[in-house]
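K.L.:
sharing a model prediction with you, sequence too.
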Amino acid sequence: MKKTKYAVTVIFIIVLMSVLIIPASALSAEFSITSDYDNLMTGDTFEVIVAVNNIQDDFGIVLVECRLYFDTEYFEIVSWEHNKPESWGAEFEDLSTKWAREGEEQFKCAFLYGGTKKVGIIDDGVLFSKIVFKVIADGFDSKVIYLREATITNDNMEDADCNDAILKITKQGAVELSDESEVSKASDASSDDDTSSVVASESPAADGDSSDDTEVKGTSNALKIVFAASVVIIIAALGVVFNMRKKNSN
């Protein structure tokens, strides 16, 4: 009887701590920004694709949002179009907008499912947008487009922040960069007298984003370690108490 009570107590504590410490939702996804073109010249247009893949969720995504920051001296947005999931039908809503702020253009890329049916998206290759840019001035070679502030919401009204992404635009083709250090190299390669105003400078610095991601991962790992250590300590303590009571009863 005592062993049964001991086992039930241990199980109850483990379940309680898992609810309090381990996050309830594992919602996540990966944003990417790509472009495919050759021999880009001033006056040409090129298409940028923002996609959401590697979705990890049971409910499915119903809201996608991110912001694009770019050098408005060299690029302007001509148009945009979102892929519309068939299951969303007429409840698909385009929330995207571009606006000028202190003479600098910004773009918010966002869309959602506004209905009540359970039609959240979990498949790859469904959630993506096509944004058409135009090169409006010489000197655009090696300039970058930043994807920042990416978030998703699932059909259970849970939100998750996602990764940043960087796309370098060159005359020969676009290159997706992995971090801010590569952007710095690209900037060093450009002319020293280039005094263009980059909208991306208003966005959070990539170093800061990377630091935040590292901090989040570190916190998550720390919680797991604390949880595991706590379970071991509690089980050991209960075992000691159980043995002491057993000896006293004898």
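P.N.:
Noted; the coordinates are in hand. Numbers count the residues shown, from 1 in each chain.
K.L.:
tell me what the one helix or strand Ile166 maps to is packed against?
P.N.:
Per DSSP states H and E: Ile166 is located in strand 165-169. Counting by 3 or more CB pairs under 8 Å, 6 or more residues apart in numbering; DSSP states H and E, the packing neighbours recorded for strand 165-169 are strand 28-35, strand 143-154, strand 174-177, helix 180-189. Backbone N, C-alpha and C define where each C-beta goes, glycine included.
K.L.:
at 7 Å what do you get?
P.N.:
Judged by 3 or more CB pairs under 7 Å, 6 or more residues apart in numbering; DSSP states H and E, strand 165-169 is in contact with strand 28-35, strand 143-154, strand 174-177.
K.L.:
quick one: contacts of the last one?
P.N.:
Residues external to strand 174-177 that are found in contact with it (CB atoms under 7 Å, 6 or more residues apart in numbering): 33-35, 37, 165-168, 183.
K.L.:
that older thread, output the helices and strands packed on strand 165-169 in JSON lines, with distance to Asp124 appended to each entry.
P.N.:
Formatted as JSON lines, the helices and strands packed on strand 165-169 follow (distance: least, CB to CB, whole Å):
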{"stretch": "strand 28-35", "distance to Asp124": "9"}
{"stretch": "strand 143-154", "distance to Asp124": "14"}
{"stretch": "strand 174-177", "distance to Asp124": "17"}
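K.L.:
highest mean neighbour count out of these?
P.N.:
Most buried of the helices and strands packed on strand 165-169 by mean neighbour count (mean count of other CB atoms under 10 Å) is strand 143-154; its value is a mean of 22.
K.L.:
measure Met41 to Val175 for me?
P.N.:
Note on Met41: its distance to Val175, by CB to CB, to the nearest Å, is 18 Å.
K.L.:
low-confidence regions, the protein specifically.
P.N.:
1-25, 102-104, 179-229, 231-232, 238, 240-242, 245-250 (pLDDT under 70).
K.L.:
would you map out the domains in it?
P.N.:
As given by automatic domain parsing, the domain ranges for the chain are 2-22+215-249, 28-204.
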